[in-house]
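Undergrad: Predicted model, plus sequence, below.
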Amino acid sequence: MSVTPLRVAVPNKGSLSEAAFKLLTDAGYLVHRGNGRELQCNDPENNMKFFFQRPRDIAVYVGSGALDVGVTGLDLLLDSGAPASEVLRLGFSRSRFHFAARPAGPRRLADLSGLSVATSYPTLVGKYLAEAGVSVSLVKLDGAVENAISLGLADAIADVVETGTSLQNCGLVTFGEPLMESEAVLIRSEASRKSERAAGAIDALVQRLEGVLTARRYVMVEYDCPAEALDAACSLTPGIEGPTVSPLAREGWMAVRAMVPRAGVQRTMDDLKRAGARAILVTPLEACRM
Ligand SMILES: Nc1ncnc2c1ncn2[C@@H]1O[C@H](COP(=O)(O)OP(=O)(O)OP(=O)(O)O)[C@@H](O)[C@H]1O
Ligand SMILES: O=P(O)(O)OC[C@H]1O[C@H](OP(=O)(O)OP(=O)(O)O)[C@H](O)[C@@H]1O
Ligand SMILES: [Mg+2]
């Protein structure tokens, strides 16, 4: 008896797309776009069906229950107002959402009162301003919002900022607190909570994705260590439950193996060497289950 596949939305364009494909591929899913224009593909081995959608539409599809899960941006999820919920933060496409204007323009949120603000996130921005009690005229655009000020369409903008290059190119500066911080997220439909089949399949997907994300944050460190330096070395590489310590053929020496956070591993290697460890090797991890 065939079981209905889990229906997964994957961004077909933009800054989420490549990283989402890579994450799913690294997690062992057969996600492929053939000639690059296909809109769906099957992964029978994992009983999944992938649908390539515009990032902005993904929350709408998942919110409606037409698709079970999807990868989108947290900012896009909030702007959509769709009844989909965040399941897992994915750590890529990180951005902040800011108001910006010319340096001589508005400097505080309250200064926006009565002005026009261009954005491609009208729900997110409208709600934020309404909660702050600031009344503006919103101008809804699709992209390249930074040009709206020099072209006379708006007095200020509210948009995604990553490096700040786009703002700088247009002679704009941010002001006020960021409206939010965003990153790629896995979202699920409410309907998927009511289906045992979908809920089980989503748990399995989350486990795999978490396994890849964790593997990317850690490396495996292995080294030889004289017995008298073992305590000091193990305290530098405590691993998860504890490092694996096994005897070397050479008497008085041990081999040690432990997972270590990738960030700062060069420093850990320096400290291990100083503590007396030798032949210190670092290898990347592909996947894991914690
Ligand atoms: N320059 C950027 N750096 C990091 N994240 C970004 C950047 N631009 C957009 N994002 C994030 O990527 C997600 C998708 O945004 P969006 O749909 O606008 O795609 P895009 O990458 O801007 O492509 P396009 O606008 O060309 O369709 C959003 O969550 C947004 O916050
Ligand atoms: O701070 P930065 O590093 O410059 O990145 C932010 C810019 O990136 C996105 O634009 P995108 O290239 O997606 O074009 P768009 O405005 O048409 O969406 C976003 O809308 C900003 O314009
Ligand atoms: Mg964009």
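TA: Cool, got the structure. Numbering: from 1, shown residues only. Ligands and ions are numbered 1, 2, ... in the order given.
Undergrad: burial of Thr25, as a residue count?
TA: Residues lying near Thr25 (other C-beta atoms under 10 Å) number 13. All C-beta atoms are positioned from the backbone trio N, CA, C, and that covers glycine.
Undergrad: measure it to Asn47 for me?
TA: Distance, Thr25 to Asn47, using C-beta to C-beta, to the nearest Å: 17 Å.
Undergrad: Tell me the secondary structure of Leu179, please.
TA: Under DSSP: H, G, I helix; E, B strand; the rest coil, the three-state class of Leu179 is strand.
Undergrad: does it really touch Gly126, like I thought?
TA: No: taking contacts as C-beta atoms under 8 Å, Leu179 lies outside contact range of Gly126: 11.1 Å.
Undergrad: Looking at these two, which one has more neighbours?
TA: Neighbour count, other C-beta under 10 Å: between Leu179 and Gly126, Leu179 has more, with 23 against 17.
Undergrad: Stretch 218-225: how far from the chain's middle?
TA: 28 Å (C-alpha atoms, centre = their mean, to the nearest Å).
Undergrad: repeat for stretch 166-181
TA: With C-alpha atoms, centre = their mean, you get 21 Å for stretch 166-181.
Undergrad: buried stuff in that stretch?
TA: Ser166, Leu167, Cys170, Leu172, Val173, Thr174, Phe175, Gly176, Leu179, Met180 (16 or more other C-beta atoms under 10 Å).
Undergrad: give me every residue that touches the fifth one.
TA: Spelled out, that is Val173. Counting by C-beta atoms under 8 Å, 6 or more residues apart in numbering, Val173 makes contact with Ala100, Ala101, Arg102, Pro103, Leu167.
Undergrad: do the same with the first one
TA: Ser166 makes contacts with Glu146, Asp159, as judged by C-beta under 8 Å, 6+ apart.
Undergrad: hang on, it is in a helix, isn't it?
TA: Yes: counting by three-state DSSP, Ser166 falls inside a helix.
Undergrad: Asn39 reaches Phe52, doesn't it?
TA: Asn isn't right for residue 39; it's Leu. Yes: counting by C-beta under 8 Å, Leu39 touches Phe52, with 5.2 Å between them.
Undergrad: quick one, which of the two is more surrounded?
TA: For Leu39 versus Phe52, the count of surrounding residues by other C-beta under 10 Å is larger for Phe52: 21 against 11.
Undergrad: What's opposite Arg278 in the beta bridge?
TA: Asp224 (DSSP bridges).
Undergrad: dump the residue contacts of it.
TA: Tyr223, Asp224, Cys225.
Undergrad: who does the residue of the chain at minimum distance from ligand 1 bridge with?
TA: The nearest approach of the chain to ligand 1 comes at Gly73, 1.8 Å away (C-beta to the nearest ligand atom). Taking DSSP bridges, one finds Ala184 as the beta-bridge partners of Gly73.
Undergrad: how about the closest residue to Glu146 other than its chain neighbours, what does it touch?
TA: Of all residues not flanking Glu146 in the chain, Cys170 sits nearest, at 4.2 Å (C-beta to C-beta, 6 or more residues apart in numbering). Each residue near Cys170 by C-beta under 8 Å, 6+ apart is listed here: Glu146, Asn147, Ile149, Ser150.
Undergrad: Please work out which residue of the stretch 51-200 of the chain is closest to ligand 2.
TA: For the stretch 51-200 of the chain, C-beta to the nearest ligand atom, closest residue to ligand 2: Gly143, 2.4 Å.
Undergrad: and the chain, what are its domains?
TA: For the chain, automatic domain parsing gives the domain ranges 6-92+183-194, 95-181, 218-284.
Undergrad: Export these to TSV and append columns for mean pLDDT.
TA: Shown next, in TSV, are the domains of the chain (pLDDT from 0 to 100):
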stretch	mean pLDDT
domain 6-92+183-194	96
domain 95-181	97
domain 218-284	97
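Undergrad: CA atoms only: put the helix or strand harbouring Gly126 into CSV for me.
TA: Gly126 belongs to helix 122-132 when assigned by DSSP states H and E. This file holds the C-alpha atoms of helix 122-132, laid out as CSV (Å, rounded to 0.1, in the frame of the first residue of the first chain):
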residue,chain,number,x,y,z
PRO,A,122,3.5,45.9,4.0
THR,A,123,1.8,43.6,6.6
LEU,A,124,4.9,43.4,8.8
VAL,A,125,5.6,47.1,8.6
GLY,A,126,2.0,48.2,8.9
LYS,A,127,1.5,46.1,12.0
TYR,A,128,4.7,47.4,13.6
LEU,A,129,3.8,51.0,12.9
ALA,A,130,0.2,50.5,14.1
GLU,A,131,1.4,49.0,17.4
ALA,A,132,3.8,52.0,17.8
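Undergrad: Cheers, nothing more for now.
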